[in-house]
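Peer 1: the following comprises the amino acid sequence and a computationally predicted model.
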Amino acid sequence: MALPTEPVGSIPRPGSLIDAARAFAAGEVPAEELAAFREAAIRETIELFEATASPIITDGEQAKPSFATYPLEGVANVDPHGVVIPFADGHTRQLPRLTAGPFRYGTHAASYLTTAQRYARVPLKQAVISASALSLLYPAEGIQGYPREAFLDDLVAETEADIRDCLAAGAHKVQIDFTEARLSVKLDPTGGLLREFVELNNRVLERFSDEDRTRIGVHTCPGGDRDSTHSADVDYAELLPTLFELRAGSFYIQLAGEPEPGRVLSIIGEHLRPWQTAFVGVIDPIDSKVETPDTVRDRVLEAAEHIPIERLGTTDDCGFAPFGDDTSTPRETAFEKIRARVIGTGLAASELGV
């Protein structure tokens, strides 16, 4: 297939794994038992992922508690009373809060990758959380003896190590989850917070070579949890021009769920840098209806009217379950949608003659 296609990351966890995670959190099962459930879910997920014929897969993030908080597993200097993120349907998610310095990861994403490599027969990509998302852990009132500047220095170093370890371990791509980008425009319509986030993430990206950055991508979406979003009402025109200032080689952009995809595609085409590839979302994980391959094909053909074919790829709008307890999408539906993406992208490639 000449047009590249990649997933974003997460797949809904089996019910047995969700139950085991809850039991572990309640102190009812030991860590070893939870680890066994996680590994079984990874093995099964990879088998089902490969059956879709997706040329690039993930481990479905089966072992992550969430896409955002995995680095905090094993970390003692946090409490649960951090920033609250409201979603359109009224539910919320709350981030932890750092209580003391220094900031260090308790878990690195490469540990998930090396586990998945024991079972996968096709290339694996690995998602990591952005430095900007983790910057929200630092409390507004500060931490005595640990100024914000020192925290950010530690954060940049830890995020760099997270990415570098995945590259060294053989990840096909490392995807930085930057879902707070669109939310930042909602919180600060002046764009000042978005620019701060981009500058912080670029502090990480500038530590890598040009060659490394061809294997590093950035994912943006309006959030996707329990079939709801946190910032879909923010105009992409307020986000995308600044987003492409990030020094990354690939961008995974939610698009299938957008009401005006043509307008967004024109913005992407105008601002995408010559060294960047846009993976446009052709699958909407929030929509319970499974897209047909023909629908995917038509979405790709529309994208090709705005983006040079050599810098165009396809993806899913978002992960299917970024938080470990999200059961809004059945596992079977997720894999059916992925299969449609793969087949539909192939149909479009044939029509485009690539």
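Peer 2: Right, received. Where do you want to start?

Peer 1: roughly how far apart are the closest residue in space to Gly106 that isn't next to it in sequence and Val280?
Peer 2: Counting by C-beta to C-beta, 6 or more residues apart in numbering, the nearest residue to Gly106 once its immediate chain neighbours are dropped is Gly74, at 3.1 Å. The C-beta positions use only the backbone N, C-alpha and C, and glycine is treated the same way. Here the distance between Gly74 and Val280 works out to 37 Å (C-beta to C-beta, to the nearest Å).

Peer 1: more neighbours: which of those two?
Peer 2: Neighbour count, other C-beta atoms under 10 Å: between Gly74 and Val280, Val280 has more, with 27 against 9.

Peer 1: so that one lies in a strand, does it not?
Peer 2: Yes: membership of Val280 in a strand is supported by DSSP: H, G, I helix; E, B strand; the rest coil.

Peer 1: beta partners of it?
Peer 2: Note on Val280: beta-bridge partners Ile253, Thr314, judged by DSSP bridges.

Peer 1: what sits against it?
Peer 2: By C-beta atoms under 8 Å, 6 or more residues apart in numbering, the residues touching Val280 are 253, 255, 265, 268, 299-300, 303, 307, 312-315.

Peer 1: by neighbour count, which of the residues you listed wins?
Peer 2: Counting neighbours by other C-beta under 10 Å, the top entry in the contacts of Val280 is Thr315, with 30 neighbours.

Peer 1: give me the phi and psi for Ile85.
Peer 2: Backbone torsions of Ile85, given as degrees, to the nearest 10, read phi -110, psi 110.

Peer 1: contact partners for it?
Peer 2: 92-95, 183, 223, 230.

Peer 1: how about Phe37?
Peer 2: Taking C-beta under 8 Å, 6+ apart as the criterion, Phe37 is in contact with 16-17, 20-21.

Peer 1: which SS class is it?
Peer 2: With three-state DSSP as the basis, the three-state label of Phe37 is helix.

Peer 1: gap between the residue nearest to Gly106 and Glu238?
Peer 2: Counting by C-beta to C-beta - Gly74 and Glu238 are separated by 37 Å.

Peer 1: can you map out the helices along the stretch 101-250 of the chain?
Peer 2: Applying DSSP state H, counting those that start in this stretch to the stretch 101-250 of the chain gives helices spanning 110-116, 131-134, 148-168, 180-187, 192-205, 210-213, 240-243.

Peer 1: tell me which of these sits most buried.
Peer 2: Neighbour counts (mean count of other C-beta atoms under 10 Å) averaged over each of the helices of the stretch 101-250 of the chain peak at helix 131-134, with a mean of 24.
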